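Novice: compute the structure for the input listed below.
(chains A and B)
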Amino acid sequence: MAGNPRKDEISGVDTTGHEWDGIEELNNPLPRWWLWVLYASVIWSIGYWIAMPAWPGISDYTRGVLGYSQRQTVMDELAEVKAGRADIEAKIVASSLEDIAKDPNLNQYALAAGQAAFGDNCAGCHGSGAQGAKGYPNLNDDHWLWGGSLEDIHYTINYGIRSTHDETRFNDMTAFLADEILEKQEISDVAEYVLSLSGTSSDSEAAQRGLPIFEDNCVACHETGGVGNREMGAPNLSDKLWLFGGDKKTVVQSIAYGRKGVMPTWEARLDPVTIKALSIYVHSLGGGE
Amino acid sequence: MSTKLEQIVKEATVEVEAVNKKENRPLYKKREPIFPKRAVGQFRRLKWLIMIITLSIYYLVPFIRWDRGPGAPDQAVLIDFPGNRFYFFFIELWPQEVYYITGILIVAGLVLFFFTSLFGRVWCGYACPQTVWTDLFIAVERWIEGDRNARIKLHRHKWDFEKIWKYTLKHTIWLIIGMATGGAWVFYFADAPTLLVDLFTLQADITAYSFVALLTFTTYTLGGLSREQVCIYMCPWPRIQAAMMDEDSLQVTYRKDRGEPRGRAKKTQDDKAFGDCIDCKQCVVVCPMGIDIRDGAQLECINCALCIDACDGIMDKMGTARGLIGYDTDANMARRVKGVPQKFSLLRMRTIFYAVAIFAVCAFMVYLLASRSPLDLNVLRDRNPLFVKLSDGSIRNGYTVKILNKERAPQQFLVTVTGLDFKEVKINDIENVGPAPIVDVKSDNLRSVHLFLSVDAQELETASEPITITVTNKDTGYSVSNDSVFIGPNK
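Specialist: This is a model prediction of the structure:
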């Protein structure tokens, strides 16, 4: 391939000596504009090394005389965003939940902030669409253990359920078998009765036997007819929704050993604005009262 | 008699070779300055007129006012990026209607093809901004430095006081023109009178100044320094336009059959030894592209017709008929040589096709514009969760409904849903008045609401049922529908 450079007669330019199947390469200089761009880039890069962070060291890097830092830029921008929100956040702190929901600006802000906060803090248990899971309530539906008004939701998020907070919502579903209050057969019967409340019992005799047991042991919290009591967080047993499952085995399990789901208190972890925003957001999901 | 003719020829003749002469032209040549002589005549006058019209349109249109009612900008032509609108007199476009711009570009392209096939490169010669601004820059140059000979002399002269101040003045005026060009450009993107004041009081946005600077630079470089290089090397149109032209397209033509053999030795008007061309080179010296039209049709010729004016002037002096250089077609040239009568055929397959295409696209655009909906609807189904089971066993789905009110007045819209027997049709924060929720949407605005639909589980025969969401203007009855589905548990 490599031969000796020679002068090309037609163009008057030297060849590089490279030749492929009779095609030779002329040793023309690079275009001037190209060289200028190259030289300009070289000069620019030297200036850049001096001005901007450029060279890595063992434990640090050259900072550059301009003191530019992307981290600092991000911090500044975040601080700026925060400062820009100060106004509306102050309004949210000062307003009642009702007023926030009614004011289109505040409501829009709260919904967006609430959605983001929900993804960060709540989705782990309640799911990203707030659809819940076994033992973790679906927040879209119209079934609420402790109430679905803005105030109720706000209280629950603030103080939690069976949480470490003094103001926590609390109840204690008795473990009727573990505490030796009811026999296995009685539990089976009362479970049939509970199922019959939502029309899913398959053994009406057992349900009949379960009625007096229910009235003796359960109505104190779940009320006559199993309609529940939100004051105590006692679920409505007569509707079609089940937190842990509506099959007989699960209902028996609930009666025999009790249920003690925990929702943490968020008062210490989230600021008041976020908790208000979360209340508005959860309330907007379709079940808000 | 003959001495008088000789005298005229002698006076008119310039010993010059065209800078970009056809046979000496390499693929690329570094720019050699061209000093076009001032032309006088009908085409020059036409060009001045078109320059005044086009520049006036460009500079004045942003200042035309158009009342659109309170809250809306009153600028007739405005591209409002912050407000996401494009205003053109009575037309107001939203960003999602950008296809109208596509339509306008298609029509512009077709019109260009149409005129090119009829009259050749009239765009290049008269209306192209490169031509108009270059013409303006040359006029400034001539005003300061004088006509061709004076400019050549000054160019060759050593750098003395006169040359320095003349060149400084020329470049300063060019830069001011460039600045005005950039200045006018930014007026199309903001309220022009406000921005005009802001620009001068240094209150305007940095973006505005950047664009003024950019357009100042491009106008100065392209119109002042590069000139014909832009047409010859940068512009794709001279290469494309050949495809629109045929032997019946009008173009600036040197009528060889009449001019040749050219010669200066012509003694009388009836001298049969020579054609009408006295080889005075006046057509060469007026040419802003630096070519010789007598070399025939060339990519470099922008058909500005200044050589026609120059040649006609000489022909008048010589007492010969005008039109040695003129708008002509290749077909007619061939006809003359054969002695067949001239014919201009404007109706040809090509021109008819372009005309029909222009008409079709325009008609389609007008139809689209006339039937443009004052209301738009977008329905997005919630997908997380897909559906929600309620305490009474019914199934609920959620939808984000976006209603675009394009009218300049607040409107009320009824949201109705068909397809299933719904237990509840509910929109958050909106009371159901009567059968359907009513959504208020502000003037010229989009409102996004969350719609909840619920049905009895037995109502759902399959896991996914088609439904239709309709939004109806409460006053006008105008409605728009969107199809969606209602999803329940798998059966």
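
Novice: now the end-to-end length of stretch A:253-264.
Specialist: End-to-end distance of stretch A:253-264 (CA to CA, to the nearest Å): 24 Å.

Novice: neighbouring contacts of it?
Specialist: Applying CB atoms under 8 Å, 6 or more residues apart in numbering or on different chains, the contact partners of stretch A:253-264 are A:125, A:135-136, A:156, A:160-164, A:172-178, A:182, A:184, A:187, A:190-191, A:194, A:243-244. Bear in mind the C-beta positions are built from the backbone N, C-alpha and C, glycine included.

Novice: buried stuff in it?
Specialist: Using 16 or more other CB atoms under 10 Å in any protein chain shown as the burial criterion, the residues of stretch A:253-264 that qualify are A:253-256, A:263-264.

Novice: do the same with stretch A:151-170
Specialist: Using 16+ other CB under 10 Å as the test for burial, stretch A:151-170 gives A:152-163, A:165, A:168-169.

Novice: please report phi then psi for the residue of chain B found nearest chain A.
Specialist: Closest contact between chain B and chain A, by CB to the nearest CB, is at B:Asn384 (3.2 Å). Main-chain torsions, B:Asn384, degrees, to the nearest 10: phi -140, psi 100.

Novice: thought B:Arg447 was touching B:Ile430?
Specialist: No: the pair B:Arg447 / B:Ile430 is not scored as a contact, 10.5 Å apart, by CB atoms under 8 Å.

Novice: what touches both of the two?
Specialist: Joint contacts of B:Arg447 and B:Ile430 (CB under 8 Å, 6+ apart) are B:Val439.

Novice: what is the subsequent helix or strand relative to the helix ranked longest in chain A?
Specialist: Taking DSSP state H as the criterion, chain A has its longest helix at helix A:70-94. Under the assignment DSSP states H and E, the closest C-terminal helix or strand after helix A:70-94 is helix A:97-102.

Novice: near chain B at all, that following helix?
Specialist: Yes: using CB under 8 Å from any CB of the partner chain, helix A:97-102 reaches chain B at A:Ala101.

Novice: report the buried residues of that helix.
Specialist: Quick answer for helix A:97-102 (16+ other CB under 10 Å): A:97, A:100-101.

Novice: re the thing from before, tell me the one among the buried residues of stretch A:253-264 nearest to chain B.
Specialist: A:Ser254 (17.6 Å).

Novice: Three-state assignment for that closest one, please.
Specialist: Put simply, A:Ser254 is helix when judged by DSSP: H, G, I helix; E, B strand; the rest coil.

Novice: how close does it sit to A:Leu182?
Specialist: From A:Ser254 over to A:Leu182 the distance is 13 Å, taken as CB to CB, to the nearest Å.

Novice: what helix or strand does B:Asp440 sit in?
Specialist: strand B:436-441.

Novice: just checking, next helix/strand downstream of that strand?
Specialist: With DSSP H and E, the next secondary element past strand B:436-441 is strand B:445-455.

Novice: that older thread, okay, now the sheet partners of the strand holding B:Asp440, with direction.
Specialist: With DSSP bridges as the test, strand B:436-441 is paired with strand B:411-418 (antiparallel), strand B:432-433 (antiparallel).

Novice: so for it, what's the average pLDDT?
Specialist: On average, the pLDDT along strand B:436-441 is 88.

Novice: can you give me the buried ones in that strand?
Specialist: Quick answer for strand B:436-441 (16+ other CB under 10 Å): B:436-439, B:441.

Novice: and for chain B, the residue most distant from the center?
Specialist: B:Asp392 (63.9 Å; CA atoms, centre = their mean).

Novice: mind checking pLDDT for that residue?
Specialist: For B:Asp392, the predicted pLDDT is 89.

Novice: give me the element the most centrally placed residue in chain B is part of.
Specialist: In chain B, the centroid-proximal residue (CA atoms, centre = their mean) is B:Ala108; its distance is 6.9 Å. Assigned by DSSP H and E, B:Ala108 belongs to helix B:99-119.

Novice: format the buried residues of helix A:97-102 as TSV; extra columns: pLDDT.
Specialist: Shown next, in TSV, are the buried residues of helix A:97-102 (pLDDT from 0 to 100):
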residue	pLDDT
A:Leu97	93
A:Ile100	93
A:Ala101	90
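
Novice: all helices for the stretch 151-289 of chain A, in order.
Specialist: A:184-197, A:204-217, A:219-222, A:248-257, A:272-283 (DSSP state H, counting those that start in this stretch).

Novice: hang on, B:Asn378 in a helix?
Specialist: No: counting by three-state DSSP, B:Asn378 is not found in a helix; it is strand.

Novice: is it in contact with B:Asp483, as I believe?
Specialist: No: in this structure, B:Asn378 is not within contact of B:Asp483 by CB under 8 Å, at 11.9 Å.

Novice: which pLDDT value belongs to the spatially closest residue to B:Ile104 that is not a sequence neighbour?
Specialist: Nearest in space to B:Ile104, with sequence neighbours left out and distances taken as CB to CB, 6 or more residues apart in numbering or on different chains, is B:Met365 at 7.6 Å. B:Met365 is assigned 90 on the pLDDT scale.

Novice: residues in contact with the residue positioned nearest the centre of chain A?
Specialist: Centroid-nearest residue in chain A: A:Gly119, 1.5 Å away (criterion: CA atoms, centre = their mean). Applying CB under 8 Å, 6+ apart to A:Gly119 gives the contacts A:Ser128.

Novice: I'd like the distance between it and chain B.
Specialist: Distance, A:Gly119 to chain B, using CB to the nearest CB, to the nearest Å: 11 Å.

Novice: which element is that residue on?
Specialist: Here A:Gly119 is assigned to helix A:104-121, by DSSP H and E.

Novice: so what touches the next helix or strand after that helix?
Specialist: Sequence order places helix A:123-126 as the next helix or strand after helix A:104-121, per DSSP H and E. Helix A:123-126 is contacted by residues A:118, A:130, A:132-133, A:136-139, A:263 when judged by CB under 8 Å, 6+ apart.

Novice: can you check stretch B:178-190 too?
Specialist: Against stretch B:178-190 from outside (CB under 8 Å, 6+ apart): B:58-59, B:61-63, B:77-81, B:133, B:195-196, B:199, B:204, B:208, B:211-220, B:223-224.

Novice: for PyMOL, what selects the buried ones among these?
Specialist: In PyMOL, a selection of the buried entries from the contacts of stretch B:178-190 looks like this (16+ other CB under 10 Å):
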select buried, chain B and resi 58+62+77+78+80+133+195+196+199+204+208+211+212+215+216+219+220+223+224
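
Novice: return the residues of the stretch 51-200 of chain A in contact with chain B.
Specialist: A:101, A:107, A:127-131, A:138, A:140-143.

Novice: how about 6 Å then?
Specialist: A:128-129, A:131, A:140-143 (CB under 6 Å from any CB of the partner chain).

Novice: neighbour-wise, which one of those leads?
Specialist: Most neighbours among these, by other CB atoms under 10 Å in any protein chain shown: A:Asn140, with 26 neighbours.

Novice: and the closest residue in space to B:Lys474 that isn't next to it in sequence, what does it touch?
Specialist: Nearest non-adjacent residue to B:Lys474, counting by CB to CB, 6+ apart: B:Gln412, 4.1 Å away. Contact analysis of B:Gln412 by CB atoms under 6 Å, 6 or more residues apart in numbering or on different chains lists B:438, B:440, B:474.

Novice: okay, now the unreliable bits of chain B?
Specialist: B:1-3, B:265-272, B:432-435 (pLDDT under 70).

Novice: just grab the bridge partners of A:Tyr61 for me.
Specialist: Counting by DSSP bridges, A:Tyr61 forms beta bridges with A:Pro56.

Novice: among the buried residues of stretch A:151-170, which two are most distant?
Specialist: Spanning the widest gap among the buried residues of stretch A:151-170 are A:His154 and A:Arg162, at 18.0 Å by CB to CB.
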